[in-house]
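Engineer: Make a model of this:
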Amino acid sequence: MNEPDVSATLTFVETGASTADAVVETLQSLDPLVLSLLVVAVAAALVGGWWLVRWFRRPPGVRLQRILADYDEVAVLMHPNPDPDAMACAMGVATIADAVDTDATLQFAGEIRHQENRAFRTVLDLDLERVESSSDLACDAVVLVDHNTPRGFTGAQTVEPVAVVDHHPGNGTGTRFTDVRTEYGAASTIFVEYLEEVGASTPDDEGDPVLSPELATGLIYGIQSDTDHLTNGCSRAEFEAAAVLYDAIDEDLLERIANPQVSDDVLQVKATAITEKRVDGSFAVCDVGEVGNTDAIPQAADELMHLEGVTAVVVYGKKDGTIHLSGRSRDDRVHMGETLRHAVSDIPMANAGGHARMGGGQLSVDHMRGIGPSDGIDDEEFEERLFSAMAGER
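Structural biologist: Down below sits the predicted model:
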């Protein structure tokens, strides 16, 4: 058995003692004012570190609520042509803000045309304001929901949101708060968690956010609409959120939103998609031509997904010189967002993307035909690109 090295231990202790003595002597030699400032700086660093640890250990819903409390008013901005998920998220922000006496103005760019989206707004009696430019925003404190980069209105690129809550891929961030969960099927799911974290309760508990029947119904429909009724792109969190909301949902409101009347032009576009589709193996593509309502295009894509043997579809149509794309996939080989992005990657001014199960995009007819640095392609070549992209050949 080895004997302990006593001399080494003594040397270490002596060295430590001498170092401590040196530090004490140095501090004693400092000017009292400098020493005071040094003590204050160390104390501030310790307090600041403690505060940061406590801040980031708080649940994100609590952090968001505390940020909202710093403002008299916030503008809750949805993406252009908002869907139920976006509108439900905006309702969630308004509820959390109301608990800390912050006014929330719910705003959007574009239009609400899809019959399901119009029904959601009408049935839940939502007060939504339309913006055409950044000057129309209710205030400088902007909260983005269900998207992470402002778009769709003049001056959007100048807007710096204070908070961003989303489930879509992207690089947008808030100056004070960012929560982007791409693994979630709906952004509404995040707000269900927030409401739990801030103590959402029944209307009897004054001072707490209220999980009203309207809010619960909106959130569950937001989850359902973005996950095809909990069958597509779900995470465990969606099912847990649905369980949380269950007791507060108003079934009558839910039925009225889910079963709105369908306009004739939407039915015509669906019929065109069914009768004019091109099928290659398990993939389908259809050009539905000129449309009056671009929201009919994703509805037609949903319709084609019911065809036996079809696992991925892309439907596109034109309006005012722009081609609008909508894709759906239940094929593990086809990431629809990446498929559409690859299909338009070399067409100037085109943009497309989305999730594995659904995606969308827009491109200019003129640019597709050859304006700009590309050679241009026709509709038939474009469809071949879509088939190739779905097959992983592009």
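Engineer: Ala94 and Val76: what is the separation?
Structural biologist: 6 Å (Cβ to Cβ, to the nearest Å). Every residue, glycine included, has its C-beta placed from N, CA and C.
Engineer: between the two, what contacts are shared?
Structural biologist: 104, 106 (Cβ atoms under 8 Å, 6 or more residues apart in numbering).
Engineer: Specify which residue of those two has the higher count of neighbours.
Structural biologist: Val76 (29 against 22; other Cβ atoms under 10 Å).
Engineer: quick one, what contacts the more buried one?
Structural biologist: So Val76 contacts 90, 93-94, 104-107, 142-143, 145 (Cβ under 8 Å, 6+ apart).
Engineer: Please repeat the previous calculation with a cut-off of 10 Å.
Structural biologist: When contacts are counted by Cβ atoms under 10 Å, 6 or more residues apart in numbering, Val76 touches 68, 86-87, 89-94, 97, 104-108, 128-129, 138, 141-145, 163, 165.
Engineer: can I assume it sits in a strand?
Structural biologist: Yes: according to DSSP: H, G, I helix; E, B strand; the rest coil, Val76 belongs to a strand.
Engineer: any weak-confidence spans in the stretch 151-300 of the chain?
Structural biologist: Applying pLDDT under 70 to the stretch 151-300 of the chain picks out residues 201-209.
Engineer: residue boundaries of the helices in it?
Structural biologist: 187-197, 213-226, 236-245, 251-258, 264-276, 296-304 (DSSP state H, counting those that start in this stretch).
Engineer: so how many other residues sit close to Leu64?
Structural biologist: Neighbour number of Leu64 under other Cβ under 10 Å is 28.
Engineer: Off-centre distance for the helix or strand encompassing it?
Structural biologist: The secondary structure element spanning Leu64 is helix 60-68 (assigned by DSSP states H and E). Helix 60-68 sits 17 Å away from the centroid of its parent chain (Cα atoms, centre = their mean, to the nearest Å).
Engineer: Ok, stretch 78-92 next?
Structural biologist: Worked out by Cα atoms, centre = their mean, stretch 78-92 lies 10 Å from the chain centre.
Engineer: same deal with stretch 83-95?
Structural biologist: 11 Å.
Engineer: got it, and stretch 70-84?
Structural biologist: Counting by Cα atoms, centre = their mean, stretch 70-84 comes out at 12 Å from the chain centroid.
Engineer: before we move on, what about stretch 171-180?
Structural biologist: The chain centre lies 10 Å from the centre of stretch 171-180; the measure is Cα atoms, centre = their mean.
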